[in-house]
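*Asks:* below: sequence and its predicted model.
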Amino acid sequence: MPSLFLGILLLGLRVTESQASGLAPPQQVRLDADTEAQKLLVTWEDGRASTFDVEILRTELMEIVFNETVVATEDQSTGKHQWNWTSPVPLECTSLSVKVRSRDGQDVSEWSSQQILPGLDLPDNTDSQMYPEGKTVPVGSNMTFCCIVKEGQQFGSLLYKDTLVKETMLSRRTYATTMTNQGPSNPSGTNVVCSDEKKMIITGAVVFVGYPPMPSDLVCETHDLISVDCQWSKGRETYLFGMARQTYYTLNGRDSNMRCGLEQWDGNWTLVARNLLGEFRLTDAAELGHRVRPVAPVNLTTPEVYSWNASVGWLWKYNGYERLSLICQVQRTSHSNSSTQTYTGYGLNTVVLKDLQPDEKYNVKVRCGSQKNFWKWGEWSLPLSFQTKMDRPVAPDIWLWMDSDNLGRVLWKPLTKSESHGQISGYEVTLWSPEENSQQTLTLPQSMYSLPINVTDRWSKVTVTARNPAGVSLPANVVIPRHLPGKNGGKGRPNSVTFNGSGFPLSWVAHANASCGYVVDWYNTSCTHDCNVEWTRVAADNTNTMVQSSNFFAGVRYTFSLYACSSESTVLLERWHGYMQELVPSRTVPRLSPNQEGSDVQLTWDQIPLEHQRGFILGYTVYLTNASHLTLLGNPSPLTLPGTGLMCVCFQGTLDVKPSPHSMVHIVEDSVWDSSKEALVTVPEEDEEGTGDEEADTDEPASLRYYNQVVEEGSSSRGRPHASDSSASSTGSMDSGHTDVTYTGIQTSACSLAPMAHFQPQPDASQCAGGGGYRPQMQSASCPEDPQTGPEEHLQPPVGSFGGYQPQCSWKQDSPEADGGGLDQACLGSPTSVTSSQFLLPYDTSEEGKEHQSSASTWFHNLLTGKP
Amino acid sequence: MAGTRTRRGTGSEQSRTARAAALAEQLHHECTLLLDLYRKKETFAKELTVSGDHLVTVPPLSSQLLPNDMLWRLYSALQQCRNLLERAIGREEVVGNGEDRAQYENQKKTVRDRLGHLLESTRLLLADGAGTAAFTPEPKNTEIDGPVNGSPFALKLWIYRIFNELEHWTLTASNTLKALHPDGATPKERGTSGRARGRRTRR
């Protein structure tokens, strides 16, 4: 009874509230779903308010998905209110319950009856499904996918592409996932797969994520002066493919592909590009005359072809071109060159190509544009090939090189393709004698480029012509030099010329009789037969040149000769010698021999053959050694014995010698002359030329020893050690009962001479302590450090103590024998020694001298014997 | 009815069986590759399986069957496979570009061609065994033409199932034909030395 009373009371209160607000609940609430747009349209009647509370729940789980106050005005014609709601979840995923009440400020009506939008997860829809399916959305979109599993099936997982994603349960059978900021799809779309607990695919959906079209560069032009050809670029990739999703184009309302032709010139064009995500418009406008792009010329021909020019003609596809002012480019390509010439004219259809090369194959192609209001070049025509006719060759470049005073060789350079103007069939060499008004002509095959002649004959001029099927070249002349006294042409010693990295720079004083310029020839100085001679011509108004050749090699001396040319004579003006790079001599001083008379010893030796010098030999250094003592001899005076080519140094009684078992004297080539050492005389190199026949000596460092008055055959037989067994030779010396030191190398390089300074030569010889002064530009890395050499810095001769000679090379190891890696191998040259049983120089008997001598001699002995 | 009489296999028949077995083995390899390419194209994880409902429907290939009956059922299954593949090729839209697409399209054609050869080889074996073979008409299969609701995913899944059927039935064909061959191996696997040829079929 009390509860009944309470119920009546509460009912009375509600009625009172409702009546108090005066708001009636909405009637006839109706739901209409647009599943494609995921939109829900809610309509109701009898709500006199303009604001309403709307509540939307997922029916099965009673989860509120929307609960807000909305504004919905009444449609005067129907008297209904309507309100749209876009669901983030596809409407098919699960059922939604919707109710509405009127609101006026704080007053609200009762809720309307609940309306349900049924989902597709109801029991009567037993199949598995996924939504949304097959949708096309822009890149960056957010989407929620739901999987409705089959009745009785167990949900397993959701995959977006091949990535497992987190799901939310919406109902007993429905699971959903939301993907944000989606990227572009594969061509066949992005798959969302729903699987059961056994990884079996239950269902799935495809989403196509892409872009709306955005074409660009719409350009319309004419080729035939009547119709229109419009093209454009596709622009950004849409990532949408297939008949349904691809982009479609219309141009002025006509369907088209990526290129469109219109029969008439409209002057204005609009391109519309459409796909499922949107459309894009492009426009273009122009007068016909401003958009003429001619077609490619066709049927190219060569009506006339000559040696140096040819005409090229073509046809136009359209008659309208006859009145069109054209500008055309003709590109011609030969075997190595390509050039383009421009021609203009109304209806241009023929041009003349000039400056062609004879006997040359050309490819030509043509393209044209409108000269007036030029728009764009048309397409290139197909290429046309033709070959020019031959012409007679140019005169060959000839020279006459004197092998000797009597014998010479006429030389000429092979003609290049651009000079021969056709296949060269041969050469004709004519020897002239104007005095006798006679001539002799020799015909030579195309493969010959020289002819030996005897210049003592009556001939005074040589002419060479080249022949090809088109004719004979103009003659090339050279006057035979009648008088070339001596190797140097009577011009004194050749100067030396230094290679500057790219060539040999030569300069000279202008010569009055050089009407046809100058010729510089060069060859390997040590060459004696069939030498390779190169030459270059210098214009008459030039007095310098840079001699360059790919045939220059290091360690080879070249002779450069300068001639003045005129129609009457060829005059040798000057000569130079030079090395591209100087190297250490490749062999020893040959035939070193002593001649002892009493306490005097005369040393003689031969010059090093030129090809072994490999650099300018500027002097020799003579060392005396006995026992473990090495001394630089002072003031030797090398002399060249007239007519023998022999060198000698005489030591006379002025030397203070004391008895000693015997001594050795070493001769070392000194490639750098210390000008302050007058006693060490360099042998001028020009005096050494032609001494390449001293082949009796070997390349081995020679250690000659002699025993005054007591010459033993046995010891003598051991006295010429090989370079490779210096220690053995030392042993041999020991065996002989003498204490002579045999060493195999004292080099004039920095790394060998510096240690030699340890010996502190005799006071009267100390001026030679600079080691003869030779100090090539040495790469320090090539000279291994010897820990026994001690501090070298204070032993180095002062900078500037050398003479004016500047070596042309970097000092580096270059002989195969020197590759062994030892100090003696790496840095030492090729001394030659002789041994004397007489004292030539005394020991330093002082204690200090002994100490010094001891350490120095030990070092030097070790150095020479290759011991560490 | 095929397989109703006992006969001794001739040498040429055995050779044809061996060739058909080799062809089936090769085709199975091609179908596996096609399946892999499709998985890659559609980013289907390999561990995902398709429904156990088969698109190809033939009575089970029991070991108790006579060889001719086995061949007959195998032939029928392969024929259904070919029909399904033809429909799949016709239904699947060729989209995109690039090397992957070209490889996939080529592989489809290769499988189609080789499947034709295998069908012809199997038909010849049937003809030898049963005289004028009376082929079973294709069974009614509601899924033979693929999905009709326009769902892109349903179409993809249908094609995926077809490729799985192809892989299954070409493996079955390979194993069955090998079993029918007296040496139980393809010509490549067998040595050149002769073993007893011919095999008596069981009733």
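*Replies:* Yep, that arrived.
*Asks:* show me which positions of the strand or helix carrying residue B:118 end up buried.
*Replies:* Element membership for residue B:118, per DSSP states H and E: helix B:99-130. By 16 or more other C-beta atoms under 10 Å in any protein chain shown, the buried positions in helix B:99-130 come out as B:101, B:104, B:107-108, B:111-112, B:114-115, B:118-119, B:121-126, B:128-130. Any C-beta I mention is one placed from the backbone N, CA and C, and that applies to glycine too.
*Asks:* so is that helix next to chain A?
*Replies:* Yes. Contact of helix B:99-130 with chain A (C-beta under 8 Å from any C-beta of the partner chain) involves residue B:101.
*Asks:* quick check: mean pLDDT across that helix?
*Replies:* Average pLDDT, helix B:99-130: 88.
*Asks:* next helix or strand past that helix?
*Replies:* In the C-terminal direction, the helix or strand that comes right after helix B:99-130 (DSSP H and E) is helix B:152-180.
*Asks:* by contact count, what packs against that next one?
*Replies:* In this structure, helix B:152-180 packs against strand A:190-196, strand A:201-210, helix B:11-42, helix B:67-91, helix B:99-130, with contacts taken as 3 or more C-beta pairs under 8 Å, 6 or more residues apart in numbering or on different chains; DSSP states H and E.
*Asks:* can you put the ones you listed in CSV and add distance to residue A:40?
*Replies:* CSV is the format used below for those (distance: least, C-beta to C-beta, whole Å):
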stretch, distance to residue A:40
strand A:190-196, 23
strand A:201-210, 21
helix B:11-42, 33
helix B:67-91, 35
helix B:99-130, 41
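*Asks:* the ones you listed: which one's closest to residue A:423?
*Replies:* Residue A:423 sits nearest to helix B:99-130 of all the helices and strands packed on helix B:152-180, at 51.1 Å, using C-beta to C-beta.
*Asks:* among the helices and strands packed on helix B:152-180, which is nearest residue A:562?
*Replies:* The closest of the helices and strands packed on helix B:152-180 to residue A:562 is helix B:99-130. By C-beta to C-beta, the value is 68.5 Å.
*Asks:* how about the helices and strands packed on helix B:152-180, which one is nearest residue A:566?
*Replies:* helix B:99-130 (74.6 Å).
*Asks:* neighbours of residue 153, how many?
*Replies:* You didn't say which chain, so I picked chain A. When neighbours are counted by other C-beta atoms under 10 Å in any protein chain shown, residue A:153 registers 17.
*Asks:* oops, I was thinking of chain B
*Replies:* Neighbour number of residue B:153 under other C-beta under 10 Å is 23.
*Asks:* show the pLDDT at it.
*Replies:* Residue B:153 carries a pLDDT score of 95 in this model.
*Asks:* tell me the contacts of it?
*Replies:* Residues near residue B:153 by C-beta atoms under 8 Å, 6 or more residues apart in numbering or on different chains: A:130, A:133, A:134, A:191, A:192, A:203, A:204, A:205, A:206.
*Asks:* now the residues you listed in a markdown table, with pLDDT and distance to residue A:443?
*Replies:* Output for the contacts of residue B:153, formatted as a markdown table (pLDDT from 0 to 100; distance: C-beta to C-beta, whole Å):
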| residue | pLDDT | distance to residue A:443 |
| --- | --- | --- |
| A:130 | 96 | 97 |
| A:133 | 96 | 94 |
| A:134 | 95 | 91 |
| A:191 | 97 | 87 |
| A:192 | 97 | 92 |
| A:203 | 95 | 97 |
| A:204 | 96 | 93 |
| A:205 | 97 | 93 |
| A:206 | 97 | 88 |
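*Asks:* among these, which two are most distant?
*Replies:* Greatest spatial distance in these: A:134 and A:203, 13.0 Å, computed using C-beta to C-beta.
*Asks:* looking at these two, which one has more neighbours?
*Replies:* Counted by other C-beta under 10 Å, residue A:134 and residue A:203 do not tie: residue A:203 has more neighbours, with 24 against 18.
*Asks:* tally of neighbours for the closest residue to chain A within chain B?
*Replies:* At 2.7 Å from chain A, residue B:96 is the closest residue in chain B, using C-beta to the nearest C-beta. Under the neighbour criterion other C-beta under 10 Å, residue B:96 is assigned a count of 16.
*Asks:* ok, which stretches of the stretch 501-650 of chain A are strands?
*Replies:* Ranges of strands within the stretch 501-650 of chain A are A:504-507, A:518-524, A:534-538, A:544-547, A:557-565, A:570-579, A:593-597, A:600-606, A:619-626, A:629-632, A:639-640, A:646-651, based on DSSP state E, counting those that start in this stretch.
*Asks:* just say which of these is most tucked in.
*Replies:* Most buried of the strands of the stretch 501-650 of chain A by mean neighbour count (mean count of other C-beta atoms under 10 Å in any protein chain shown) is strand A:619-626; its value is a mean of 26.
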